[in-house]
Structure formats: C-alpha cells, structure tokens
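*Asks:* I would like to see how this sequence folds:
(chains A and B)
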There are 2 protein chains.
Amino acid sequence: MNLPKQVRLVEVGPRDGLQNEKQPISVADKVRLVDDLSAAGLGYIEVGSFVSPKWVPQMAGSAEVFAQIQQQPGITYAALAPNLRGFEAALEAGVKEVAVFAAASEAFSQKNINCSIAESLERFVPLMDAAKQHGVRVRGYVSCVLSCPYDGSVPPEQVASVARELYKMGCYEVSLGDTIGAGTAGATRHLFNVVGREVPRNLLAGHFHDTYGQALTNIYASLQEGINVFDSSVAGLGGCPYAKGATGNVATEDVLYLLNGLGIATGIDMDKLIDAGQRICTVLDKANGSRVARAKLASQ
Amino acid sequence: MNLPKQVRLVEVGPRDGLQNEKQPISVADKVRLVDDLSAAGLGYIEVGSFVSPKWVPQMAGSAEVFAQIQQQPGITYAALAPNLRGFEAALEAGVKEVAVFAAASEAFSQKNINCSIAESLERFVPLMDAAKQHGVRVRGYVSCVLSCPYDGSVPPEQVASVARELYKMGCYEVSLGDTIGAGTAGATRHLFNVVGREVPRNLLAGHFHDTYGQALTNIYASLQEGINVFDSSVAGLGGCPYAKGATGNVATEDVLYLLNGLGIATGIDMDKLIDAGQRICTVLDKANGSRVARAKLASQ
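*Replies:* Next up is the predicted model:
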C-alpha cells in the first residue's frame, strides 16, 4: 500500500472551531491559542475570519488577533474572506493567505449564504483579481461534499464542478468538506476519484467532521487515494451546528495519532498540541473533544 | 477494492461493556438489554460471565440473566468462562457457547489473571475437553494484540503464537483484541497478515477499543485484509479501565454506520439498536458513547 510519506495538516481550530463555540472568547485567548499551535509545529493555521461580526460574532477581532500573534517563519497564517470587502479587511490586517468557501449543494448555499452556488462563485471573481494583484494565495473550500443537511446525499459530479470552478478561478488548493460528517469510507474514495478528474489530486485536501465517528476512517481512505492535506481542529473545537451536542471537526490530535502510527511525517509535536488543546478547552470550560487527548490526560 | 460482502458483529456490551461500568445494574435491566439487542437483529450476543463475583461484581447473576432472556432462534447467546469451574456453571445455566481469553503480553497476563500465558492456556485444556463432550462451541479472545498497558508494543509473532494455541486447542474463532485501543491502521493490517499465517483468516475476528479514536479505522483496515467478524459494544458501553474517563469498546452503532455506508450486510436494524443503547445509558445514567447515536438523537 502506497500511502503518502508526508502530510500537511491545516489547523482550522481558531477559525472554523471557535466560530462554532458558544462561549465568547477574548482576543488574548485567541492569540495564545494560535501561538501555542505555532509552537506545536503546525505549518498552516487558519487564524480568523473577515466576515461581519453581525453574522459570526465569535470572529470579531480577527484583525487584532493577526496584529498580536507571533508569526513564525515558514508557517502560513490564513483568514477566511467571504467577499471582496472581507478580503480588503484581511489585506489591511496584513493577511498573506485567504480562504473562500462555496457549497456543493444548492440548498445549503441558499440557507447558509443566501445565494446560489453560481452567485457565490461570481462573488469570488473580484476577490481573486485583488488577491492576484497583491500576491495573496487563495485556498478554496467546498462544503457538503458527501451529504447536505437539507438535500441529503450530494452527487460527486456536482462537487467536481464546484471544485473545478474554484481551481480555474485561481485557488491553489481545494478542500472538500464533509460538513455534517455523514460520509463513509467508500463514498470518500469515490469522491476523490471523481473530483480528481477535474482538479489535480495533489491540489485537493480533505476536511472531515466526526459527527458520526467516521472522520479518521475517511482520512485513512483518502490517504489511500493519495490525498495528503487534511483540515483538522485542535481538541475537536467546533461542535456541529446541525446536530446539537454532536461532534464537529475531527480533532487534530486524533489525526496526528493516526498519521504517527502510519509513519507519516507531519512535523507536529503531540505533547505540545495536546497542551494547546487542553488550555483552550479550559478557557471554554468544555470537555476536550480529542479522544487521544482525553486518553493521554486521563492516564497521566 | 474487495471488501467482505457480509460482516458478523459480536455484541459484547452486556458482558465486556457492563463489566467495566461502575453502577450496579439489575438482572431485569440486563435481560431487557439482551432482549433489545436480539430484537435489533444482532446475531451473536455475549450475555454474561461465569467468573467469581468477588472479582467481577457486575457479572453476578449471569445464570439468572440466561434463564430470563427470550432466546431467539438463530441467535448465539454466549458467556465468558475463565476455567472449568466457570464452564460448568455456564453449562448448568444452559449456555451453548462460551468464550475463553488469554493475553498476548506476559505482563498483562500476570497482572490481569495472575498467571503466565502458558499457564492460562493450560487451564483451558480441561475446559475444552468438557466443551467438546457437551457440544459447546468455544470462542477465543486474545488481549493486548497491538499494545500492552505494561509492556508497550507487542510483537505480532507473539500474538500469532497465542492465537495458534487457542485454535489448535479447538477454538472455532479467535478474536484479536486491542485492549487499550492504542493500535493504528498499518499495525492492524500487519497483525492480521502475521496471525493469518497461523490461523485461517476467516476464523479471525477484530476487537477494537476506541480509546484513541482509532477503532473504526482499524476495522476498515481489517476489512481490507478480509476480516469479516468484529466485536463491538452497544452505546460504547465499557469505558477503559486503563485510562479513566477514556473510551473503551467501539460502539456497535458506529461500526454499523460504517458498514452500512460500505454496503456491507449485517442484518442489524440501526434504529432499534440506537434505542437499545439509549435505554441502557439511561439506566446507567451515563452519556451515550456512540457518536452515531448522539448525532441521530440530537437531530431528532
């Protein structure tokens, strides 16, 4: 079995994670989390989001967070930007990489961002132009790639079409997100096979949620398809907005444990990562969502 | 990829699960759990254990449980029997299938059952003879097949040697248990490759714990090695005695969800299974350990 020798983990905890936590969290605590993750060896950290605080109150203060984190050489500190306005705010905050997102399901696109998939892609055109002009790299997210909370299962061809548009538009990497975590291993492999015909496989990433406990298995299945970039969230920060009390983003610690076991290099220090996750969970006064962290902390 | 078309799940919740729960549980509640599992379509249920209640107080009353459950045709109702005395008690209770267990690690064998691996295997000889005489089938468990809480990693050759002894002794199936849940997918595949040289692969089963979140991935890896029998525990009953607060047995619901997604037949009804798990969790006043159950119950 030829698995990748190296994997890059994209840490989405400070953004995708915290955005879905209920407790308010201070700029200082966000900064500390990002700095802890830098120290743990994460090579890519999604720090915040330049969206209206009216819609996503947890992401208020992203500019302050960017101003205060200790940026280390070799680490990418990225922000989500939904449109040109968000991009300009990110640029002003000194952000050098942004992410944009589209849905693979029409119903989700309408309910989540109030427009069709095609409209959402159109909005990115001026953003992509501005990004090119300023030398800012853009990563693309596609949500609901295996299932939609409103439409049920989503055809992989539909995902491929959205991923292709993002790629053609200039996204250097497209991350495929199983937003409600309902997908399983066979469907995951099939998805990468279909999307891989439209976007080079080495420019695809996997973004799995653990709502049904399937995230690690889907990552293992993706590795077998040659995918070597995965999004994850320290301590499983985030929860699932579509099933209260359920798990959301796969925990970075658990992914790292799997990769370490498979002998796949990541450059991440497990102990420091667990400390970073446990610290933010203490701040949030919530149980650690990583099974690895819970097991290691319990056996200490 | 050739995955098995059919998988048999061995439900260990009423025995391996409840044995590690702290709250006392009545015979009536145990009976109800077993009957619920029968109704959900489980084909094999480990109902209880004929060990001294001094050592395992939760398993007191196993004979009463056997007397009161509604045994359905086509379902195997098994009991754990550590020695001839336990076997005789099981026989008296009308048990038609028993399970015996040995460790793959010397340190675990000594600490868990106070004897060497070789001594533990010797104790099974009279039990196996009696079983043969009474037409009782015997299933073998090997614990610590990927890692030992005292010895660390366990060589697969050592596991193969214990599995071979159990097989030669007359066990019709040998279940390989990752007792502390520390194993990962690559090691799991390697394990079945090595043990598969000593015991026919179709007579091997996988028994995974989810302590580090790896159980489903290990099951998917095992399926790829042609293994088609897995032990699991409804609602993830059991916990992990080696890391307090950590997860133990993989939840049957989560395994079923994976298998359903892969199009692998089991004959199990998910809704009834979730109901069975939720009911016993209510009795035990504990959170449901199945992510699938939590997600489905939360979205209702």
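
*Asks:* how about the helices in the stretch 51-200 of chain A?
*Replies:* Using DSSP state H, counting those that start in this stretch, the helices found in the stretch 51-200 of chain A span residues A:62-68, A:84-92, A:106-113, A:117-133, A:156-169, A:185-195.

*Asks:* packing partners of the third one?
*Replies:* Going back to what we said before, that points to helix A:106-113. Packing contacts for helix A:106-113, counted by 3 or more CB pairs under 8 Å, 6 or more residues apart in numbering or on different chains; DSSP states H and E, involve strand A:97-103, helix A:117-133. (Glycine included, C-beta is placed from N, CA and C.)

*Asks:* Throw those into JSON lines and include mean neighbour count and distance to chain B, thanks.
*Replies:* Formatted as JSON lines, the entries for the helices and strands packed on helix A:106-113 read as follows, by neighbours: other CB atoms under 10 Å in any protein chain shown; distance: least, CB to the nearest CB, whole Å:
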{"stretch": "strand A:97-103", "mean neighbour count": "24", "distance to chain B": "19"}
{"stretch": "helix A:117-133", "mean neighbour count": "17", "distance to chain B": "24"}
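
*Asks:* okay, the ones you listed in CSV with distance to residue A:211 next?
*Replies:* Conversion of those to CSV gives the following (distance: least, CB to CB, whole Å):
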stretch, distance to residue A:211
strand A:97-103, 17
helix A:117-133, 23
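
*Asks:* nearest to residue B:123 among these would be which one?
*Replies:* Relative to residue B:123, the nearest member of these by CB to CB is strand A:97-103, separated by 60.6 Å.

*Asks:* who does the closest one pair with, and is each partner parallel or antiparallel?
*Replies:* Listed by DSSP bridges, the sheet partners of strand A:97-103 and their directions read strand A:76-80 (parallel), strand A:137-143 (parallel).

*Asks:* mean pLDDT and mean neighbour count added to the ones you listed, as CSV?
*Replies:* Converted to CSV, the strands paired with strand A:97-103 look like this (pLDDT from 0 to 100; neighbours: other CB atoms under 10 Å in any protein chain shown):
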stretch, mean pLDDT, mean neighbour count
strand A:76-80, 97, 24
strand A:137-143, 97, 24
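
*Asks:* let's have the helices and strands packed on helix A:106-113 in CSV, adding mean pLDDT.
*Replies:* Rendered in CSV, the data for those read as follows (pLDDT from 0 to 100):
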stretch, mean pLDDT
strand A:97-103, 96
helix A:117-133, 96
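
*Asks:* and those: which comes nearest residue B:101?
*Replies:* Closest approach to residue B:101 among these is made by strand A:97-103 (49.7 Å; CB to CB).

*Asks:* and the angle for the closest one with helix A:156-169?
*Replies:* Regarding strand A:97-103 and helix A:156-169, their directions subtend 150 degrees when assessed with axes from the mean of the first three to the mean of the last three CA atoms, to 10 degrees.

*Asks:* what residues does strand A:97-103 touch?
*Replies:* A:46, A:50, A:76-82, A:87, A:90, A:109, A:112-113, A:117, A:120-121, A:124, A:127, A:131, A:136-144, A:148, A:162, A:165-166, A:171 (CB atoms under 8 Å, 6 or more residues apart in numbering or on different chains).

*Asks:* what number of residues lie near the closest residue to chain B within the stretch 201-300 of chain A?
*Replies:* Of the stretch 201-300 of chain A, the residue with the smallest distance to chain B, taken as CB to the nearest CB, is residue A:261 at 2.6 Å. Applying other CB atoms under 10 Å in any protein chain shown, we find 20 residues neighbouring residue A:261.

*Asks:* same deal with residue A:275?
*Replies:* Residues contacting residue A:275 under the criterion other CB under 10 Å number 16.

*Asks:* what's the nearest residue to it if we skip its chain neighbours?
*Replies:* Residue nearest to residue A:275 in three dimensions, not counting chain neighbours: residue A:36, with 7.0 Å by CB to CB, 6 or more residues apart in numbering or on different chains.

*Asks:* assign that neighbour to helix, strand or coil.
*Replies:* The three-state label for residue A:36, taken from DSSP: H, G, I helix; E, B strand; the rest coil, comes out as helix.
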